[in-house]
Every structure is written in structure tokens, then in C-alpha cells.
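Engineer: Provided below are the primary sequence and the corresponding predicted coordinates.
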Amino acid sequence: MSRSISRSTFALSSALLVAAFSLGAPSAGLAQAPASPRDSVKATVGGATVSVNYGRPSKRGREIFGGLVKFGTVWRTGANEATAFTTTKALRFGNATVPAGSYTLYTLPDQSGKWQLIINKQTGQWGTVYSQAQDLVRIPLTVEQTPAVVEQMAITVTPSQNGGELAVLWDRTKAKTSFVVAP
């Protein structure tokens with residue numbers, strides 16, 4: 001009889017152990033959500049379709065600008081794959097014109113607040129693969145503090161009359177620039 005109890009106790013213990021490991025570890029059939037999921041924004045602005053596809057990293061208690069994202073160093077403006085920017089018509093950012101086409105966005109944050117948006121001609125690369133020789137234009141950004149912490153980085157395109165605003169928001173920072181659709 002004691003042998004029978006031992007076998008059933010062993011079987012029950014084994015079943016509980018397998019169940020515990022199964023619940024504690026992700027199933028092979030279930031994909032875990034990425035830490036920096038891809039997102040996109042698309043807007044019709046003055047007859048042009050402007051779209052951005054980017055990775056959305058989260059703050060997760062980290063110091064972002066001046067910490068994770070170093071001042072004075074080109075930043076991929078997102079996470080993982082390079083941030084893709086497409087426009088169906090030429091856009092003018094101040095004196096700089098960006099022809100219709102597909103590009104990659106980078107940002108050069110500066111501790112003094114004089115940030116730059118870099119529109120680069122190279123496309124389809126990993127976000128950290130940056131070639132300054134491929135820069136189309138560098139555009140000054142206006143930097144302001146947000147009223148609340150933005151936990152997950154976001155890029156917005158906000159239409160207005162014949163142009164709009166492109167903005168990057170993360171942590172307590174909003175870096176933005178205005179543009180118009182070129183005639």
C-alpha cells in the first residue's frame with residue numbers, strides 16, 4: 001500500500017511541477033509583446049499624404065534625454081528599425097525642401113535645446129546604421145516641456161491649412177517643426 005501512495009504522490013507532484021513551469025514561462029505558441037512595438041501615423045496635409053513608421057520605446061523609469069539618448073549624438077528617433085518617413089508631395093520646412101519620396105528620420109538632441117531633425121536619403125536600414133553623407137536636410141526643432149510624462153515615445157503629424165506640424169514626444173519633451181506643402 002505504501003508503494004501505491006508513493007506512486008500517486010509522485011504522479012501528483014510531477015503534474016503540479018509541470019503546471020507550475022508552464023504557467024511561469026511563455027508558451028512556445030504565444031508571442032511576447034515587443035518592448036518597443038512598431039507604430040505608424042498617416043495624415044493628409046494640403047493634398048499630400050505624410051506617413052511615419054517607427055518603433056515606440058518606453059521610458060520605464062529611465063532618464064531619456066541626456067541619459068539613454070545622449071546629447072550631441074545622432075539618435076535613431078525611435079527603436080529598432082530606422083524610422084521611415086514618406087511624403088507624396090514636396091514639403092518645405094523653413095528654407096529646406098524635401099521632395100516627394102521616402103526617407104529616414106534621425107534627431108540630433110542638444111543640451112542647449114537647439115535640436116535638429118535629420119531627413120536622410122538612406123532607407124530600409126537598422127536604426128543605428130546612420131550615414132551623414134546621406135543627409136538630405138537638417139531642420140531646426142523647437143523643444144518644449146510637456147505638461148505630463150509621455151511614457152511611450154510618439155511621433156505626431158498634425159495638419160493645419162496647407163501644412164502641419166511634425167513632433168516627437170517622449171518623457172517630458174516635445175520636439176517639433178512646422179512644414180508646408182511646396183507649390
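Structural biologist: In hand now; what should we look at?
Engineer: pretty sure Leu136 contacts Leu117?
Structural biologist: No - using CB atoms under 8 Å, Leu136 is not in contact with Leu117, being 10.9 Å away. For every residue, glycine as well, the C-beta is placed using N, CA and C.
Engineer: these two - which one has more neighbours?
Structural biologist: Leu117 (23 against 17; other CB atoms under 10 Å).
Engineer: which residue packs closest to the more buried one, ignoring adjacent ones?
Structural biologist: The spatially closest residue to Leu117, leaving aside those adjacent along the chain, is Ile139, at 4.4 Å (CB to CB, 6 or more residues apart in numbering).
Engineer: residues touching Val53, list them.
Structural biologist: No Val there; residue 53 is Asn. Going by CB atoms under 8 Å, 6 or more residues apart in numbering, Asn53 touches 38-40, 83-84.
Engineer: the same query, at a cut-off of 10 Å, please.
Structural biologist: Residues in contact with Asn53 (CB atoms under 10 Å, 6 or more residues apart in numbering) are 38-42, 78, 81-86, 105, 155.
Engineer: any chance of those residues in JSON lines, plus secondary structure, distance to Tyr130 and neighbour count?
Structural biologist: Output for those, formatted as JSON lines (DSSP: H, G, I helix; E, B strand; the rest coil; distance: CB to CB, whole Å; neighbours: other CB atoms under 10 Å):
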{"residue": "Arg38", "secondary structure": "strand", "distance to Tyr130": "19", "neighbour count": "14"}
{"residue": "Asp39", "secondary structure": "strand", "distance to Tyr130": "21", "neighbour count": "15"}
{"residue": "Ser40", "secondary structure": "strand", "distance to Tyr130": "21", "neighbour count": "11"}
{"residue": "Val41", "secondary structure": "strand", "distance to Tyr130": "22", "neighbour count": "15"}
{"residue": "Lys42", "secondary structure": "strand", "distance to Tyr130": "25", "neighbour count": "11"}
{"residue": "Gly78", "secondary structure": "coil", "distance to Tyr130": "13", "neighbour count": "27"}
{"residue": "Glu81", "secondary structure": "strand", "distance to Tyr130": "13", "neighbour count": "18"}
{"residue": "Ala82", "secondary structure": "coil", "distance to Tyr130": "8", "neighbour count": "25"}
{"residue": "Thr83", "secondary structure": "strand", "distance to Tyr130": "11", "neighbour count": "23"}
{"residue": "Ala84", "secondary structure": "strand", "distance to Tyr130": "14", "neighbour count": "18"}
{"residue": "Phe85", "secondary structure": "strand", "distance to Tyr130": "14", "neighbour count": "25"}
{"residue": "Thr86", "secondary structure": "strand", "distance to Tyr130": "19", "neighbour count": "17"}
{"residue": "Leu105", "secondary structure": "strand", "distance to Tyr130": "11", "neighbour count": "23"}
{"residue": "Ile155", "secondary structure": "strand", "distance to Tyr130": "18", "neighbour count": "21"}
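Engineer: list the buried residues for the helix or strand harbouring the residue nearest to Leu117?
Structural biologist: Per DSSP states H and E, Ile139 falls inside strand 135-160. Buried residues in strand 135-160, counted by 16 or more other CB atoms under 10 Å: 135-139, 141, 143, 150, 153-155, 157.
Engineer: alright, I will stop here.
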